[in-house]
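**Q** structure for this input, please:
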Amino acid sequence: MIWYIIGNLKGENIEVTHWFSESFKGQLFWAVNNEHLEYLEKFISAKLRQRGKESYGMMLVDKLPKFIKNKKNRDELLKLISRLKNK
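**A** Residues are numbered from 1 along each chain as shown. Next comes the predicted model:
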């Protein structure tokens, strides 16, 4: 388990705990829990990433780092997720 303090949009510091983390091409790939890891796996493996009609404003995927959204990293990130799930 790893603890981080990050800033939110209001400028407040929030303590964040996550169970999964690994370096990926100089970036930190992390997930808070199994559900978060599953969400990231589904997003990364999706061939077509569409927004639903009910989507208004910003969504979680809008805040993901570019290296996670980049198609060229898809296979390597899925392998990384598989490793994290098997730890």
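**Q** show me where this structure has its strands.
**A** Here the chain has its strands, by DSSP state E, at 2-7, 13-18, 20-24, 27-31.
**Q** got any ranges where the protein has weak pLDDT?
**A** Along the chain, the parts satisfying pLDDT under 70 run over 1-18, 49-60.
**Q** how about the helices in it?
**A** Secondary structure of the chain (DSSP state H): helices at 34-45, 66-69, 74-85.
**Q** extract the C-alpha trace of the second one and format it as PDB.
**A** The one in question is helix 66-69. Below are the C-alpha coordinates for helix 66-69, written out as PDB (Å, rounded to 0.1, in the frame of the first residue of the first chain):
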ATOM      1  CA  LYS A  66      -2.100  10.900 -22.100                       C
ATOM      2  CA  PHE A  67       0.200   7.800 -21.900                       C
ATOM      3  CA  ILE A  68      -2.900   5.800 -20.700                       C
ATOM      4  CA  LYS A  69      -5.100   7.100 -23.500                       C
END
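**Q** list the buried ones in it?
**A** Buried residues in helix 66-69, counted by 16 or more other CB atoms under 10 Å: 67, 68. The way it works is simple: take the backbone N, C-alpha and C, and place the C-beta from them, glycine included.
**Q** ok, and what's touching it?
**A** 24, 25, 27, 29, 40, 43, 44, 61, 73, 77 (CB atoms under 8 Å, 6 or more residues apart in numbering).
**Q** how about a cut-off of 10 Å?
**A** Here helix 66-69 makes contact (CB atoms under 10 Å, 6 or more residues apart in numbering) with 24-29, 40, 43-44, 49, 61-62, 73-74, 76-77.
**Q** quick check on those residues: which are buried?
**A** 24, 29, 40, 44, 73, 77.
**Q** now render those as CSV, adding distance to residue 83.
**A** Below are these laid out as CSV (distance: CB to CB, whole Å):
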residue, distance to residue 83
24, 11
29, 11
40, 13
44, 14
73, 15
77, 11
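**Q** and residue 21, how many neighbours?
**A** Residue 21 has 15 neighbours, counted by other CB atoms under 10 Å.
**Q** who's in contact with residue 73?
**A** Neighbouring residues of residue 73 by CB under 10 Å, 6+ apart: 24, 25, 27, 29, 44, 66, 67, 80.
**Q** no further queries at this time; thank you.
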